[in-house]
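Student: Okay, here's the prediction I keep looking at, along with the sequence it came from:
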Amino acid sequence: MAAPITAASLLEGRMGAIRTTSPRGEKSDPAASYTAVSRAVKAEGLLRRARLFYLLLALGLVAATAADVTGMVLMGRSWFQLILAGVLGLILTQFAFLAHEAAHKQILTSGPANDRLGRFLGTFVIGMSYAWWLNKHNRHHANPNQLGKDPDIAFDTISFTEEDAARQRGLLAWITRRQGYLFFPLLTLEGLNLHWTSFKLLGNPEPVKHRATEIALIAVRFGVYLGLLFWFLPPGIAGAFIGVQLAVFGIYMGASFAPNHKGMPLIPASVKLDFFSKQVLTSRNVSGGWWATALFGGLNYQVEHHLFPSMARPRLARARLIVREHCAATGVPYTETTLVQSYAIVIAYLNRVGLQARDPFACPVIAQYRGA
């Protein structure tokens, strides 16, 4: 009879330096603990909207965009425009964080209003399909790091399991064996990949919610963006501008989402965990306080975000203290690392997956002596 899946067994083999809570006193039921956490969060008003915060943030991003465009006009036909292209990539990523928060109903009062805001930011401002991303992201939140259910660990260029790594062939197999070291260089293509995936979905005959609206917004967005760039700048500089903007956007997006779950326990497809344990065991926080929150749009509080997806960004820091206390009481490990540690864990994990699939017929005894 197979041993039952426990928190300890899921965490076995986790890599890197981490800080976790340890149980104090008698352990309690994690499901009941989540009820207690929810009550504590609601009692402190942490599920209230933070409309003034988001208004000021949005105005700041609009001002930053205007300043970047003004700089482009003043700089003229210069290769120094590529600096401003990088800045634009950073600004667009910050807008993507806002779209993410609107999708989680964190900003406005009603669900439809948040969806309209998220769709506008996702399609017109960022240039990708909001419908595609929302479907994918909702499935991720429902089953984080669960094999066969979480699309964020599905078979792709990067492999997150040894089985997927062994399936790669040709150039992709070569990349897989080195995927940890190549992870950040590959992120330079992620911006292009997000746009391309969106175009494919919207051109697919399968039903897509608000397809016509998204196609119209994306078409206008790229028409204006590309038209102005190639009208104002020489073709070479304009092309390089787009390349730099997409590369910075891809790296920033990937570097913001990767520390959250990569290298954390993978849950077998057949295993069922209570909501509290599932969300906490598979999520990793990044320490740093206000600067990490500003840099990652609140994604540094990934545990709390997964437990309370509709919680506004300014409330997450306080929720962290409540959740950590309950994790200590229930014996559910709570993981938090520095930013550098999180990246080291991700790189080591990806390399381990790629290298272990290098030869599926390798002798385990030899492999053991090689690692000694």
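Tutor: Structure received. Residues are numbered from 1 along each chain as shown.

Student: Which residue ranges of this structure form strands?
Tutor: According to DSSP state E, the chain carries its strands in the segments 285-286, 336-337.

Student: Pull the residues that contact the first one.
Tutor: Applying C-beta atoms under 8 Å, 6 or more residues apart in numbering, the set of residues contacting strand 285-286 from outside is 259, 292, 296, 299-304, 320, 334-339, 342. Backbone N, C-alpha and C define where each C-beta goes, glycine included.

Student: before we move on, the earlier item: so which of the strands of the chain is nearest Val62?
Tutor: strand 285-286 (27.2 Å; C-beta to C-beta).

Student: so where's the stretch 251-372 of the chain uncertain?
Tutor: Filtered on pLDDT under 70, the stretch 251-372 of the chain yields the residue ranges 357-372.

Student: Repeat the analysis, applying 90 as the threshold.
Tutor: Low-confidence regions of the stretch 251-372 of the chain, defined by pLDDT under 90, span residues 272-274, 289, 326, 328-332, 355-372.

Student: Tell me where it has helices.
Tutor: 275-281, 290-296, 302-307, 316-330, 339-356, 364-371 (DSSP state H, counting those that start in this stretch).

Student: could you dump those to JSON lines with distance to Ala103?
Tutor: Written out in JSON lines, the entries for those read as follows (distance: least, C-beta to C-beta, whole Å):
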{"stretch": "helix 275-281", "distance to Ala103": "17"}
{"stretch": "helix 290-296", "distance to Ala103": "16"}
{"stretch": "helix 302-307", "distance to Ala103": "12"}
{"stretch": "helix 316-330", "distance to Ala103": "16"}
{"stretch": "helix 339-356", "distance to Ala103": "24"}
{"stretch": "helix 364-371", "distance to Ala103": "43"}
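
Student: right, so these: which one is the most enclosed?
Tutor: Ranked by mean neighbour count under mean count of other C-beta atoms under 10 Å, the helices of the stretch 251-372 of the chain are led by helix 302-307, which reaches a mean of 24.

Student: Can you spell out which helices and strands pack onto that helix?
Tutor: Packed against helix 302-307, as judged by 3 or more C-beta pairs under 8 Å, 6 or more residues apart in numbering; DSSP states H and E, are the following elements: helix 235-261, helix 275-281, strand 285-286, helix 316-330.

Student: please redo it, this time with the cut-off set to 6 Å
Tutor: Counting contacts by 3 or more C-beta pairs under 6 Å, 6 or more residues apart in numbering; DSSP states H and E, helix 302-307 is packed against helix 275-281, helix 316-330.

Student: With distance to Leu90 added, can I get those in a markdown table?
Tutor: Formatted as a markdown table, the helices and strands packed on helix 302-307 follow (distance: least, C-beta to C-beta, whole Å):
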| stretch | distance to Leu90 |
| --- | --- |
| helix 275-281 | 29 |
| helix 316-330 | 22 |
